[in-house]
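Engineer: Give me coordinates for this.
(2 chains)
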Amino acid sequence: MTDDKDNSIHNKVLSDIESGKIKMRPKWHYILRGTLLFLGVTLVVLALLFFGSLLVFSLRRNGSFYLPAFGFREFIFDLPWLIIALSIIFIVILEILVRKFSFAYKRPLLYSIIGVLLLVALGGVLIDRTGFHEGLYNRAGKNPFPFGKGLYRMPLMRGQGRAILGIITEKTNNGFKMLDMENETLNVTVSKKTRYPLGSDFEKGDAVMVLGQRQDNNIKAEGIREIGDMHGFIIKPLPQPYHGMMPAR
Amino acid sequence: METLENDEQLAKQAQNGDKERFGILVERYEGKLSRYARRFLFGYTESQDLVQEVFVKAYIHLQSFDISRSFSSWIYRIAHNEFINAIKKKGREPIPFFDPDTVFPHPVAPRRADDDLKDSELKEMMEKSLQELDPKYREPLVLFYFEDMDYQQISEILHIPVSTVGVRINRAKKSLKKIYETNPAASRGVSG
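Structural biologist: Predicted structure coming up:
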């Protein structure tokens, strides 16, 4: 019996504690760990909000919202996959981090995924509405944002770039001229193959999306659709020359 | 005097350097964790060493314990991690990296009046056939039926949603019944 008592877990653990073999880690160790975790979560949330808003900006800027009218394939190929992939990576990291907290692990994973997606979607739209990315995009590649050029102009960041938004400035014999989002005038030529999913009755001042491969300042339109009804939400803030050109809604 | 203090108060005093108070906690949980280890870790000869390691880790990390929470759930969580690591090391039983049951919400069935009677039969069944179950089903069953924990506490220990605890326990019970029905040897000696 005495041997049993001497060999009990209680005695072994207590004698190891007394002899200093086992030492309690100080409280600051856990405070530091908690602070780092909090900082990590904050940084990942900020990164997610950045990429979420960049995604909204990219979809808006590239006209991807209007592409489903030309078919699902066009829409899929024109998505900014690099931004989507980076967003997914950060969502996974955030999920791993928040699962350490009881509010997350006590509930089904689906709930926290929905929560994160809502945060990204709402935060992304709100940040985009502030013109944050518009400002960075316009300064991309110029001092003090030399890195921005790569970030904002990479093909994977902006999809295939086959959708071009603009305002019709003049009708021509074989199409029209339009002012694009970069304030450049493009010559759009139409052919029998050009598709008009929402009709072909365009006037000067109409906001349109042209689908086609751009060569210099010329585009052979594979498809054209009006975007007038949504321009207030989608192409905002507008470059300076656009103001005064948009028809009253 | 000692027994009047709850676990959390003892843990707080131990955090402040009172080693004897930690000793009381070890005494309180030694039996419970040994029983948990025996039932969860079938065929693992080193289960007592693992329980000792649980207390060593508990002491090392005691400052991370938040006294506003349950000490029981905290130390069982350490035990769970220790036991799962031991199972992984042995590699004899599958421990899935990801459980799809944690993704979607599941309705938790309310307990019925005759559940207690069924539970006593089930406990007998479990004593004989528990080792036939995967660890992921065995563990919540042990915590629920032998450690008398509720779904909330089990969720806290296993870090899984409360509804998933219910799903695992129900599936484990069904599997046990199946094992029990297909193995006549297991049913011998069980009343009813």
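Engineer: Per the annotation, how does chain B divide into domains?
Structural biologist: B:2-90, B:100-187 (automatic domain parsing).
Engineer: Chain A too?
Structural biologist: With domains defined by automatic domain parsing, chain A comprises A:27-153, A:162-242.
Engineer: Identify whichever of these lies nearest to residue B:36.
Structural biologist: domain A:27-153 (20.5 Å; C-beta to C-beta). In this view, the C-beta of every residue, glycine as well, is placed from N, C-alpha and C.
Engineer: from the middle of its chain, how far away would that closest one be?
Structural biologist: 6 Å (C-alpha atoms, centre = their mean, to the nearest Å).
Engineer: returning to that earlier point: would you single out the least confident of the domains of chain B?
Structural biologist: The weakest mean pLDDT among those belongs to domain B:100-187, with a mean of 83.
Engineer: can it be found next to chain A?
Structural biologist: Yes: for domain B:100-187, a contact with chain A is found by C-beta under 8 Å from any C-beta of the partner chain, at B:102-106, B:155-156, B:159-164.
Engineer: The domains of chain A: which one's closest to residue B:170?
Structural biologist: Once the domains of chain A are compared by C-beta to C-beta, domain A:27-153 is nearest, at 16.2 Å.
Engineer: if we can go back for a sec, out of the domains of chain A, which gets the lowest mean score?
Structural biologist: Of all the domains of chain A, domain A:162-242 has the smallest average pLDDT, which comes to a mean of 82.
Engineer: Residue B:130 is in contact with residue B:141, isn't it?
Structural biologist: Yes: using C-beta atoms under 8 Å, residue B:130 is in contact with residue B:141, at 7.0 Å.
Engineer: which of the two has more neighbours?
Structural biologist: Counted by other C-beta atoms under 10 Å in any protein chain shown, residue B:130 and residue B:141 do not tie: residue B:141 has more neighbours, with 24 against 21.
Engineer: element containing the closest residue to that one other than its chain neighbours?
Structural biologist: Once flanking residues are discounted, residue B:141 sits nearest to residue B:172: 4.6 Å by C-beta to C-beta, 6 or more residues apart in numbering or on different chains. According to DSSP states H and E, residue B:172 maps onto helix B:162-182.
Engineer: That helix packs against which elements?
Structural biologist: helix B:115-129, helix B:135-141, helix B:151-158, helix B:184-187 (3 or more C-beta pairs under 8 Å, 6 or more residues apart in numbering or on different chains; DSSP states H and E).
Engineer: Check which helices and strands the longest helix along chain A is in contact with.
Structural biologist: When chain A is parsed with DSSP state H, its longest helix is helix A:27-62. Applying 3+ C-beta pairs under 8 Å, 6+ apart, one finds that helix A:27-62 contacts helix A:81-98, helix A:109-129, helix A:132-139, helix A:155-158.
Engineer: so who does the spatially most central residue of chain B touch?
Structural biologist: Among the residues of chain B, the one closest to the centroid is residue B:143, at 3.5 Å (C-alpha atoms, centre = their mean). Residue B:143 sits next to B:36, B:76, B:149, B:153, B:154, B:157 when contact means C-beta atoms under 8 Å, 6 or more residues apart in numbering or on different chains.
Engineer: Give me the neighbour count for residue 86.
Structural biologist: You didn't say which chain, so I picked chain A. Neighbours of residue A:86 (other C-beta under 10 Å): 19.
Engineer: please go with chain B instead
Structural biologist: So residue B:86, with other C-beta under 10 Å, has 18 neighbours.
Engineer: got the contact list for it?
Structural biologist: Residue B:86 makes contact with B:41, B:44, B:46, B:50, according to C-beta under 8 Å, 6+ apart.
Engineer: now the angle from the helix or strand hosting it to helix B:151-158?
Structural biologist: For residue B:86, the host element (DSSP H and E) is helix B:71-90. Orientation of helix B:71-90 against helix B:151-158 (axes from the mean of the first three to the mean of the last three C-alpha atoms, to 10 degrees) gives an angle of 50 degrees.
Engineer: Close to chain B: what parts of chain A are there?
Structural biologist: Checking chain A against chain B by C-beta under 8 Å from any C-beta, the hits are A:8-10, A:12-14, A:16-18, A:22-27, A:29-30, A:99, A:102, A:105-111.
Engineer: does residue B:37 really touch residue B:51, like I thought?
Structural biologist: Yes: if you go by C-beta under 8 Å, residue B:37 and residue B:51 touch, sitting 5.3 Å apart.
Engineer: More neighbours: which of the two?
Structural biologist: residue B:51 (27 against 22).
Engineer: The longest strand along chain A - which strands sit beside it in the sheet, and in what orientation?
Structural biologist: For chain A, the strand that runs over the most residues, judged by DSSP state E, is strand A:163-172. Strand A:163-172 pairs in its sheet with strand A:175-180 (antiparallel), strand A:207-211 (antiparallel), by DSSP bridges.
Engineer: so of those, which one's packed in deepest?
Structural biologist: The highest mean neighbour count among the strands paired with strand A:163-172, using mean count of other C-beta atoms under 10 Å in any protein chain shown, belongs to strand A:207-211: a mean of 24.
Engineer: Pull the distance from it to the chain's centre.
Structural biologist: 22 Å.
Engineer: Using PDB, write down the CA coordinates of that strand.
Structural biologist: The C-alpha coordinates for strand A:207-211 follow below in PDB (Å, rounded to 0.1, in the frame of the first residue of the first chain):
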ATOM      1  CA  ALA A 207     -22.800  53.500 -71.100                       C
ATOM      2  CA  VAL A 208     -22.000  50.200 -72.800                       C
ATOM      3  CA  MET A 209     -19.900  47.100 -72.300                       C
ATOM      4  CA  VAL A 210     -18.100  45.900 -75.400                       C
ATOM      5  CA  LEU A 211     -16.900  42.300 -75.500                       C
END
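Engineer: Mind checking what helix or strand follows that strand in sequence?
Structural biologist: Sequence-wise, the next helix or strand downstream of strand A:207-211 (DSSP H and E) is strand A:214-215.
Engineer: Which residue, other than its chain neighbours, is closest to residue B:56?
Structural biologist: Closest to residue B:56 by C-beta to C-beta, 6+ apart is residue A:22, at 5.5 Å.
Engineer: ok, that neighbour - contacts?
Structural biologist: A:13, A:16, B:56, B:59, B:60.
Engineer: Rebuild these as a markdown table, extending it with neighbour count and distance to residue B:86.
Structural biologist: Listed next are the contacts of residue A:22 as a markdown table, based on neighbours: other C-beta atoms under 10 Å in any protein chain shown; distance: C-beta to C-beta, whole Å:
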| residue | neighbour count | distance to residue B:86 |
| --- | --- | --- |
| A:13 | 25 | 18 |
| A:16 | 16 | 20 |
| B:56 | 19 | 14 |
| B:59 | 21 | 19 |
| B:60 | 15 | 18 |
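Engineer: sorry, back to before: the residue nearest to residue B:141: how many residues sit nearby?
Structural biologist: Residue B:172 has 24 neighbours, counted by other C-beta under 10 Å.
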